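> got a predicted model here, sequence first, then my questions.
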Amino acid sequence: DIGMSSTLRQPLLFFLDRDGVINHDIGAPGIVHPDEFELLPRAAATIADLNRKGHFICVVTNQSAVRKGLMTDDILHAIHKKMHRLLMEQAGARVDWVLYATGREDDEFEMKPSPSMLFHGLLLSGVPASQSVMIGDKELDVQAGQAAGCPQT
């Protein structure tokens, strides 16, 4: 029925900054070891609720500690693996994509406030920018969301 399908809402794409939104932000130089990673109290439940509603979750995070030599890409991947595990264990939550920028010249993405990670997330999800939301705790997150065309930033 055409009338029925036109009332269905498209899934949203939620861009989430990592430190300060999903996990505790421990300050400079940031989390450089998996043992330092702890979820914020309602993060897993909130993400699980968004999952149940059919929305996509894309983490977009600046990780300059890799460029500075304070951790390797492998350690960063281990931190993200722990994030995935804790989200699943605590609430059955999942993140669809984790995109990160270190500020190295050979990076695939530029660091926020550049919208490059968000543009890639839009491509991965197939969701238009008009149906996306950027949630972050810093002005550069807001700037990245606005530059990518996220109306709800």
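It's in.
> pick out the residue nearest the middle of the protein.
residue 59 (1.2 Å; C-alpha atoms, centre = their mean).
> tell me the contacts of the closest residue to residue 152 other than its chain neighbours?
Take residue 152 and drop its neighbours on the chain: the residue closest to it by C-beta to C-beta, 6 or more residues apart in numbering is residue 133, 4.3 Å away. Just so you know, the C-beta spots here come from the backbone N, C-alpha and C atoms, and that holds for glycine as well. By C-beta atoms under 8 Å, 6 or more residues apart in numbering, the contact list for residue 133 reads 12-15, 145, 150, 152-153.
> repeat for residue 24
38-40.
> cool, and residue 22?
16, 39-40, 43, 47, 59, 83, 87.
> ok, of the residues you listed, which come out buried?
Among these, those buried by neighbour count (16 or more other C-beta atoms under 10 Å) are 16, 39, 43, 47, 59, 83, 87.
> from these, which is closest to residue 120?
Nearest to residue 120 among the buried ones among the contacts of residue 22: residue 59, at 12.1 Å, using C-beta to C-beta.
> does the closest one touch residue 94 like I think?
No. Residue 59 lies out of contact with residue 94 (C-beta atoms under 8 Å); the separation is 11.2 Å.
> before we move on, the earlier item: let's have the contacts of residue 24 in CSV, adding secondary structure and distance to residue 129.
Output for those, formatted as CSV (DSSP: H, G, I helix; E, B strand; the rest coil; distance: C-beta to C-beta, whole Å):
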residue, secondary structure, distance to residue 129
38, coil, 32
39, strand, 28
40, coil, 26
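> report the longest strand in this structure, please.
The residue-count maximum for a strand in the chain (DSSP state E) belongs to strand 56-62.
> need the CA coordinates for that strand. CSV is fine.
This file holds the C-alpha atoms of strand 56-62, laid out as CSV (Å, rounded to 0.1, in the frame of the first residue of the first chain):
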residue,chain,number,x,y,z
PHE,A,56,22.6,3.4,12.3
ILE,A,57,25.4,4.2,14.7
CYS,A,58,28.7,5.6,13.4
VAL,A,59,31.5,6.6,15.9
VAL,A,60,33.7,9.4,14.6
THR,A,61,36.7,10.1,16.8
ASN,A,62,39.9,12.1,16.6
